[in-house]
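*Asks:* sequence? don't have it. structure:
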RNA sequence: GGCCCCGUAGCUCAGUGGAUAGAGCAGCGGUUUCCUAAACCGCGUGCCGGAGGUUCGAUUCCUCUCGGGGCCA
C-alpha cells in the first residue's frame, strides 16, 4: 500500500486530526485541566454535522454542561471564541450547543481533488499496518453445483478482503472446500452404477450432481445403497486405491469448474486446502484435547464441556467419526502456525453461529490466546420463494444461470438504448455480473435475502448498474472534454472560489477513506455500497443542474468529474464490481 | 425449554446516544434543439413493534414483553 509523499497537509485525516487538536487546545484555554480531570477525549467526541452548511466537523458541548454547570449553548459560544482559527479554516462557530468547524473551501478542494486524481484506486487507503487477516469464504462442496446460495459468502468475503487490503492489512484468502465426508462414498456408488463418461466430460458438476440426486431417489427405494455408500467411504478413509483415485478425480474436475466461476467473478484464492487437508492432524487434535483434560464422555461420545452458556462441543461421535468442529479446530491451529494471523474471519451463514462459538471456546480452553482474533462473519439466509433452497431436493438455482440471465437482460437493454456501443459483449458481462454482485452487497449482511428475478433484473434505482452508469457518464464527459480541448485542472485548486454544489460533492469525496474504515470496522461491505450510491446520486444531480463543458468553470468541474470517476471506480473495486467506461 | 438474529413509510431497506428520521421500488405528474433519459425534478404527518429504565438527550444502550426467523436439545 503506497503512502503519499506530500505530507499530512493534503490528507483528509490530517484536517480532522488538526481540528481535534484545535478544539482540545481551546478547551484547555477555557478551563485548564478539564480534559484530564474528566477524561474528555475530543477525538472520540468529534462528529460530522448532518449537512455541509453546518460545517465539516462538529464538537458537541452537552457532556460538558454538567461538568461546568452551564448550558451547552453558552459553553459552545465561549469555546468557539477561544478556538484558534488558522487559515485553512473558514469558520469556527457555535450553533445550538455545538462548535462547528468549516474548512476553507479552497483548501478542502485542493486536498481532496489532488489526492483523488493522483491516487485513483488507492485514494483513502491506509498505510501498511503489518497485520494479517485470514478470510475463510465461499467454500463450496465438491461435486455439487455452485448455486446462488454460495454467492453470499463468496461476494461478502471477497469484498471484505479488498476492504482490509485497502486499509493496510495483509489478507490471506482461504477456500475451505467441502471435499470430505460420507457423501463421497455415495457418489462413488452412484458413479459406478449410473455414471456416464461422456456427460462427465461435458460438464463434470452437472453430471456429478445428477448422480447425487439419483442416488437419493434410488436409496429411498433400496436402503441397502446407503450401506454400500458407507462402505465405500470407509475404503476412502483407509486409503483404498480405487476409492482415492475416484475421489481425486471428482475433486479436480469440480475445482476446475469452480475456478472458472471465480475467474468470472474476478476472485483468486491463496489456499484451497479443504476439509480433507486436515485428515492427518485430527488425531493429534483429539490427543491435545485429551492431554489438557478437556474431554469428557457423554453417551459414548467425546465432548468438551463449555459451561452453562453453551451446549458441549462434540469432538468424536460414538462410532469414532470425528466431526465438523474437530476439523475446524485442527484447521485453525494449522492456519495459525502457517500465517500467525491477527484475525481470522469465517464468512458463513448465520445459522452456523453456535458452531463457531463452540470452536472458538474450545480453542481458548486449549490455551490458544490468538483465538480472540477469530470471528464468525455471519450473514442472512438466501430464501427462494417460500422455502430455503435445498441441494438434496435438487431445487437449486445455479449461479451460472443467474449470471447468464442478468447478462442477457443487459444485452437487451443495450440494444434498446445504446445500439451503437462498441464492445457490447464485454460491457454486458461487466454490468450483468456487477448487478448480481452489487445486489448482494447493498444490504446489511445479517439480513435474510429473498430471491426474486424481478428485483435482481431491475437496473433502476439503488443498483450496481446505476453506479456503473454514473461512472461511464463521468468518463464520457471527460473524453468529450478532451476532444474539445478542455482538460481538467490538475493542481492549484485552492486558488478558486468553489460553488455550493461543487463543494458538497468534494466534501463527500473526501469522506471516502473514513467510509472504508467504518466498513472495515463493522466488517460490512454494504457501507461502501451505500456510499457509492450516494456519491453517484449526488453527481447525477449535479450533472443535471450544472453544465460541465463549454463554460469558464469547465476545468474545475472536469476535475470534479475526474475525481468522482476515480472514487466510484475505487469503491466499485472494493465491492468487486467492474467499472465500465462506456455503457 | 435454553441461546442467537430481526422488527423503521404500501413493499425492499438505510440510519445515528444528539441539531428537521432518510433512500430505492411501486404510483401520479414533469424534464431531452445542449456533456449518456440505465438519468434528473416534484408529490411522504411514519405509535422508528409495545412497556418500563439509564441519560441533559434514546429510534439508537439496558430489562421485560409481543411478533417473525434460526440454532441447540
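*Replies:* Good, I have the coordinates. No experiment lies behind these values; they were computed from the predicted model shown.
*Asks:* Please work out the average pLDDT along the helix or strand harbouring residue A:160.
*Replies:* Assigned by DSSP states H and E, residue A:160 belongs to helix A:151-166. Helix A:151-166 shows a mean pLDDT of 97.
*Asks:* Check which helices and strands that helix is in contact with.
*Replies:* strand A:131-136, strand A:169-174, helix A:241-265, strand A:343-349, strand A:374-379, helix A:424-441, helix A:512-522, helix A:554-574 (3 or more Cβ pairs under 8 Å, 6 or more residues apart in numbering; DSSP states H and E). No exception for glycine: its C-beta is placed from N, CA and C like everyone else's.
*Asks:* How far off centre is it?
*Replies:* Distance, stretch centre to chain centre, for helix A:151-166: 3 Å (Cα atoms, centre = their mean, to the nearest Å).
*Asks:* Just want the angle from that helix to strand A:131-136.
*Replies:* 170 degrees (axes from the mean of the first three to the mean of the last three Cα atoms, to 10 degrees).
*Asks:* Contacts (any at all) between RNA strand B and helix A:151-166?
*Replies:* No. Helix A:151-166 does not reach RNA strand B (Cβ under 7 Å from any atom of the strand); its nearest approach is 12.6 Å.
*Asks:* okay, the residue in the stretch 101-250 of chain A that RNA strand B sits nearest to: pLDDT?
*Replies:* Going by Cβ to the nearest atom of the strand, RNA strand B is nearest to residue A:101 of the stretch 101-250 of chain A, at 9.9 Å. Looking at residue A:101, its pLDDT is 95.
*Asks:* Contacts only, for the residue nearest to it when sequence neighbours are not counted.
*Replies:* Among residues not flanking residue A:101 along the chain, residue A:57 sits closest, at 4.5 Å (Cβ to Cβ, 6 or more residues apart in numbering). Residues near residue A:57 by Cβ atoms under 8 Å, 6 or more residues apart in numbering: A:15-16, A:19, A:46-49, A:100-101.
*Asks:* ok, so of the residues you listed, who is nearest RNA strand B?
*Replies:* residue A:49 (3.3 Å).
*Asks:* Confirm that that closest one sits in a helix.
*Replies:* No. Checked against DSSP: H, G, I helix; E, B strand; the rest coil, residue A:49 lies outside a helix; its state is coil.
*Asks:* and it, how many neighbours does it have?
*Replies:* By other Cβ atoms under 10 Å, 16 other residues sit near residue A:49.
*Asks:* Quick one: residues contacting it.
*Replies:* Residue A:49 neighbours (Cβ under 8 Å, 6+ apart): A:55-58, A:98, A:100.
*Asks:* Secondary structure element holding the residue of the stretch 451-583 of chain A found nearest RNA strand B?
*Replies:* Across the stretch 451-583 of chain A, the shortest distance to RNA strand B (Cβ to the nearest atom of the strand) belongs to residue A:461, at 2.3 Å. For residue A:461, there is no helix or strand it lies in under DSSP H and E.
*Asks:* where does it land on pLDDT?
*Replies:* 91.
*Asks:* And the helices in the stretch 1-150 of chain A, which stretches?
*Replies:* A:12-30, A:34-38, A:42-45, A:62-68, A:72-82, A:105-119 (DSSP state H, counting those that start in this stretch).
*Asks:* near RNA strand B at all, the longest one?
*Replies:* No. Where contact is defined by Cβ under 7 Å from any atom of the strand, no part of helix A:12-30 touches RNA strand B; the two come within 12.8 Å at best.
*Asks:* Taking their axis directions, that helix and helix A:512-522 sit at what angle?
*Replies:* 90 degrees.
*Asks:* List the buried residues for helix A:12-30?
*Replies:* A:12, A:15-16, A:18-20, A:22-24, A:26-27, A:30 (16 or more other Cβ atoms under 10 Å).
*Asks:* can you pull out the strands in the stretch 301-450 of chain A?
*Replies:* A:301-304, A:313-316, A:343-349, A:374-379, A:382-384, A:387-388, A:449-451 (DSSP state E, counting those that start in this stretch).
*Asks:* Export those as a markdown table, with columns for distance to RNA strand B and mean neighbour count.
*Replies:* Below are the strands of the stretch 301-450 of chain A laid out as a markdown table (distance: least, Cβ to the nearest atom of the strand, whole Å; neighbours: other Cβ atoms under 10 Å):
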| stretch | distance to RNA strand B | mean neighbour count |
| --- | --- | --- |
| strand A:301-304 | 10 | 21 |
| strand A:313-316 | 7 | 22 |
| strand A:343-349 | 8 | 22 |
| strand A:374-379 | 7 | 20 |
| strand A:382-384 | 8 | 18 |
| strand A:387-388 | 7 | 11 |
| strand A:449-451 | 6 | 16 |
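*Asks:* With respect to residue A:290, which of these lies nearest?
*Replies:* In terms of Cβ to Cβ, the element of those nearest to residue A:290 is strand A:301-304, at 8.4 Å.
*Asks:* so what does that closest one touch, helix or strand wise?
*Replies:* Looks like strand A:301-304 contacts strand A:295-298, strand A:313-316 (3+ Cβ pairs under 8 Å, 6+ apart).
*Asks:* How far does it sit from its chain's centre?
*Replies:* With Cα atoms, centre = their mean, you get 36 Å for strand A:301-304.
*Asks:* The residue of the stretch 451-583 of chain A closest to RNA strand B and residue A:78, how far apart?
*Replies:* In this view, residue A:461 and residue A:78 are 47 Å apart by Cβ to Cβ, to the nearest Å.
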